[in-house]
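Peer 1: The following block contains a protein sequence and its predicted model.
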Amino acid sequence: MAHAHDAHAAHDHHDDHGPAKGIGRWLFATNHKDIGTMYMLFSLLMFFIGGAMAMIIRAELFKPGMQLVDPIFFNQMTTMHALIMIFGAVMPAFVGLANWMIPLQVGAPDMALPRMNNFSFWILPFAFTMLIGTLFVPGGAPAGGWTMYPPLSQQTGEAFPMLIFAVHLMGASSIMGAINVIVTIMNMRAPGMSLLKMPIFVWTWLITAYLLIAVMPVLAGAVTMLLTDHYFGTTFFEAAGGGDPVMFQHIFWFFGHPEVYIMILPAFGIISEIIPTFSRKPLFGYDAMVYATASIAFLSFIVWAHHMFTVGMPLAGQMFFMLATMLIAVPTGVKVFNWTATMFKGSLSFEPPMLFAISFLFLFTIGGFSGLMLAIVPADFQYHDTYFVVAHFHYVLVPGAVFSLMAAAYYWLPKWTGHMYNMKLAKAHFWLSTIFVNVLFFPQHFLGLAGMPRRIPDYSTQFADWNMISSIGGFGFGLSQLLFAYIVFACIRGGEKATDKVWDSGRPQGLEWTLSSPPPYHSFETAPEVK
């Protein structure tokens with residue numbers, strides 16, 4: 001009997017560790033840390049591919065006239081840059097952080113559905129191979145913008161079904177990731193970890209996961225209707241057959257607006273972890289932060305038509321969407337106030353994560369203010385489809401989403417790798433990124449207010465000076481990110497050992513606050529009764 005048991009145990013042992021050698025460890029990974037690592041390295045690769053496309057765009061716009069590429073290829077680059085950065089760089093990076101940190105922060109042994117976790121990651125390389133592959137098929141990649149508005153989006157030849165299938169796969173991956181997050185948080189918290197004791201990062205991801213499940217099927221429906229219009233003779237968006245191209249915009253933006261909050265809510269969670277750590281104070285107004293996040297998520301569903309003020313909607317519609325959009329400024333303002341209040345009278349130190357978090361605070365707020373300007377209907381008639389809009393959403397997404405991801409990497413890398421990275425290089429990366437991101441995007445406000453349209457490869461000479469400055473900022477920002485990749489890989493390979501109080505070494509004794517939340521009044525001194 002004992003012998004049979006030993007053989008069984010040996011067999012189990014073989015099953016557990018058989019594939020986990022070399023590439024098998026990653027191919028068959030079910031460990032949340034391995035999958036989180038793969039998500040983040042994948043998103044870094046996509047960040048550089050999408051960034052290379054942005055470099056092509058900025059090189060073409062360096063001076064007036066057509067220099068490098070033809071107009072169709074230029075618009076293929078704007079389309080692909082957006083799709084790759086949104087679905088390939090920002091979202092997978094946040095899912096990678098969720099995989100790594102949520103089980104650790106709620107006290108779970110792993111994610112709830114490890115095999116599905118593996119599947120949701122491995123869909124992505126295929127989806128993006130297909131998306132980037134559209135560049136190599138007859139007719140070329142889609143050039144109708146990432147919003148895929150008909151009839152423009154349907155003039156892409158053989159690339160069109162590839163684009164749609166790639167989008168479906170990205171959506172499937174996101175939905176599976178979101179289900180996993182929700183089940184893990186709801187079912188696998190440690191005893192005593194009630195919802196309002198969870199770290200804010202976990203809260204923001206819980207809310208984000210519900211947003212993903214709600215809107216990804218809407219995007220799938222919209223692109224499926226495009227596909228049937230194109231190949232099966234339906235006329236959802238064709239006026240000649242009783243359809244309406246503007247209906248596509250409504251469906252798309254009903255997905256698209258919550259989508260932008262999917263890209264920023266986890267960033268709010270990261271900033272809410274970092275600022276308290278480097279202020280040596282608990283987060284100010286923990287409960288208010290949770291409610292503000294939930295309010296933003298709710299409001300994100302009722303503001304979609306502010307992307308469409310110029311389509312000729314009724315005045316009542318314009319008024320509703322204008323006021324609902326402005327309402328989002330309230331919970332967002334609460335968050336900015338609370339982050340500032342957390343730093344107030346704190347014992348601040350300025351390591352790279354905190355530098356990125358403070359930069360986030362200033363620059364994200366600029367993006368928020370230009371968003372308020374765009375929410376005003378009569379003003380939006382002037383700004384719509386100009387570079388002012390480009391400036392606005394890049395201020396929200398680059399110093400917002402991307403800086404928060406860099407802050408998270410610098411914050412948690414010592415925990416993930418056990419090594420400290422080169423602090424001097426990290427600070428150099430911060431200053432280069434912050435200076436160049438402003439040189440890149442701030443002039444675009446002036447271009448937009450002067451009337452320069454988006455998505456054009458050539459422009460009138462009065463826009464030449466600011467475009468040149470913007471392009472210089474773009475090349476500077478792009479090159480600075482090579483430094484980031486070097487710092488990360490050098491840290492993975494080795495370096496000085498990280499301590500268990502990695503962000504508290506060299507501080508005065510007694511300042512032991514290394515976790516942002518839960519706040520200190522939640523006592524973990526007594527073990528909770530296990531039912």
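Peer 2: Received the coordinates, thanks.

Peer 1: just checking, what's the longest helix in the chain?
Peer 2: Secondary structure of the chain per DSSP state H: the longest helix is helix 200-231.

Peer 1: Show me what that helix packs onto, helices and strands only.
Peer 2: helix 91-106, helix 159-187, helix 245-262, helix 265-279, helix 286-299 (3 or more C-beta pairs under 8 Å, 6 or more residues apart in numbering; DSSP states H and E). C-beta here means a position set from N, CA and C on the backbone, and glycine is covered the same way.

Peer 1: quick check: mean pLDDT across the last one?
Peer 2: The average pLDDT for helix 286-299 rounds to 98.

Peer 1: contacting residues around it?
Peer 2: When contacts are defined by C-beta atoms under 8 Å, 6 or more residues apart in numbering, helix 286-299 is touched by residues 196, 200, 203-204, 207-208, 210-211, 258, 261, 265, 268-269, 272, 283, 324, 327-328, 330-332, 334-335, 338, 517-519.

Peer 1: who's in contact with the residue nearest to His307 when sequence neighbours are not counted?
Peer 2: Among residues not flanking His307 along the chain, Trp253 sits closest, at 4.7 Å (C-beta to C-beta, 6 or more residues apart in numbering). Each residue near Trp253 by C-beta under 8 Å, 6+ apart is listed here: 304-305, 307-308.

Peer 1: Ok, Ala428 next?
Peer 2: So Ala428 contacts Leu483 (C-beta under 8 Å, 6+ apart).

Peer 1: distance of the residue nearest to His307 from Ala305?
Peer 2: Trp253 sits 7 Å away from Ala305, taking C-beta to C-beta, to the nearest Å as the criterion.

Peer 1: which residues sit in contact with Ile262?
Peer 2: Neighbour list for Ile262: 91, 208, 211-212, 215 [criterion: C-beta under 8 Å, 6+ apart].

Peer 1: Which of those has the largest number of neighbours?
Peer 2: Neighbour counts for the contacts of Ile262 peak at Thr208, which has 29 neighbours (criterion: other C-beta atoms under 10 Å).

Peer 1: Tell me if I'm right that it and Ala267 touch.
Peer 2: No. Here Thr208 lies out of contact with Ala267, judged by C-beta atoms under 8 Å, at a distance of 10.0 Å.

Peer 1: Quick check: neighbours shared by those two?
Peer 2: Residues touching both Thr208 and Ala267 by C-beta under 8 Å, 6+ apart: Phe94.

Peer 1: Any chance of TSV for the contacts of Ile262, columns pLDDT?
Peer 2: Output for the contacts of Ile262, formatted as TSV (pLDDT from 0 to 100):
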residue	pLDDT
Met91	98
Thr208	98
Leu211	98
Leu212	98
Val215	98
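
Peer 1: With distance to Leu83 as added columns, please give these in CSV.
Peer 2: Shown next, in CSV, are the contacts of Ile262 (distance: C-beta to C-beta, whole Å):
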residue, distance to Leu83
Met91, 11
Thr208, 20
Leu211, 19
Leu212, 17
Val215, 16
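
Peer 1: ok so, going back, need the buried ones from the contacts of helix 286-299 selected in PyMOL.
Peer 2: If you want just the buried ones from those in PyMOL, going by 16 or more other C-beta atoms under 10 Å, the selection is:
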select buried, resi 200+203+204+207+208+210+211+258+261+265+268+269+272+283+324+327+328+331+332+334+335+338+517+518+519
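
Peer 1: Ile179 and Leu113 touch, don't they?
Peer 2: Yes. Counting by C-beta under 8 Å, Ile179 touches Leu113, with 7.2 Å between them.

Peer 1: and the one helix or strand Pro331 maps to, what's its mean pLDDT?
Peer 2: Assigned by DSSP states H and E, Pro331 belongs to helix 329-343. Averaging pLDDT along helix 329-343 gives 98.

Peer 1: Report the buried residues of the next helix or strand after that helix.
Peer 2: From helix 329-343 onward toward the C-terminus, using DSSP H and E, the following helix or strand is helix 352-375. Across helix 352-375, burial judged by 16+ other C-beta under 10 Å covers 352-361, 363-368, 370-371, 374-375.

Peer 1: For helix 352-375, which helices and strands make contact with it?
Peer 2: The contact analysis (3+ C-beta pairs under 8 Å, 6+ apart) places helix 352-375 against helix 265-279, helix 315-327, helix 329-343, helix 377-383, helix 387-396, helix 403-417, helix 423-449.

Peer 1: could you dump these to JSON lines with distance to Val290?
Peer 2: Output for these, formatted as JSON lines (distance: least, C-beta to C-beta, whole Å):
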{"stretch": "helix 265-279", "distance to Val290": "10"}
{"stretch": "helix 315-327", "distance to Val290": "18"}
{"stretch": "helix 329-343", "distance to Val290": "11"}
{"stretch": "helix 377-383", "distance to Val290": "32"}
{"stretch": "helix 387-396", "distance to Val290": "22"}
{"stretch": "helix 403-417", "distance to Val290": "18"}
{"stretch": "helix 423-449", "distance to Val290": "29"}
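
Peer 1: With Ala59 as the reference, name the closest of the ones you listed.
Peer 2: helix 423-449 (13.1 Å; C-beta to C-beta).

Peer 1: Helix 387-396 and that closest one, what's the angle between them?
Peer 2: Helix 423-449 and helix 387-396 are oriented at 160 degrees to each other (axes from the mean of the first three to the mean of the last three C-alpha atoms, to 10 degrees).

Peer 1: chain center to helix 423-449: distance?
Peer 2: Relative to the chain's own centre, helix 423-449 is displaced by 18 Å; criterion: C-alpha atoms, centre = their mean, to the nearest Å.

Peer 1: same question, stretch 175-182
Peer 2: Centre to centre, stretch against its chain (C-alpha atoms, centre = their mean), the figure for stretch 175-182 is 16 Å.

Peer 1: Which residues does it contact?
Peer 2: By C-beta under 8 Å, 6+ apart, stretch 175-182 touches 95, 98, 102, 111-113, 116-117, 119-120, 123, 205-206, 208-210, 212-213, 216-217.

Peer 1: how many neighbours does Thr386 have?
Peer 2: Number of residues near Thr386 (other C-beta under 10 Å) recorded here: 19.

Peer 1: how about the nearest residue to it, chain neighbours excluded?
Peer 2: In this structure, Thr386 finds its nearest non-sequential neighbour in Gly448, 3.9 Å apart by C-beta to C-beta, 6+ apart.

Peer 1: can you tell me how far the one you found sits from Asp380?
Peer 2: Using C-beta to C-beta, we find Gly448 at a distance of 12 Å from Asp380.

Peer 1: okay, these two: which has more neighbours?
Peer 2: Comparing Gly448 with Asp380 by other C-beta under 10 Å, the one with more neighbours is Gly448, at 24 against 21.

Peer 1: mind listing what the more buried one touches?
Peer 2: 383, 386-391.

Peer 1: So which of these wins on neighbours?
Peer 2: Across the contacts of Gly448, neighbour numbers were computed from other C-beta under 10 Å; Tyr387 holds the maximum, 30 neighbours.

Peer 1: which ones are touching that residue?
Peer 2: Counting by C-beta under 8 Å, 6+ apart, Tyr387 has contacts 444-445, 447-448, 452-454.

Peer 1: and these as a markdown table, adding distance to Val502?
Peer 2: Formatted as a markdown table, those follow (distance: C-beta to C-beta, whole Å):
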| residue | distance to Val502 |
| --- | --- |
| Gln444 | 38 |
| His445 | 39 |
| Leu447 | 43 |
| Gly448 | 43 |
| Met452 | 46 |
| Pro453 | 48 |
| Arg454 | 43 |
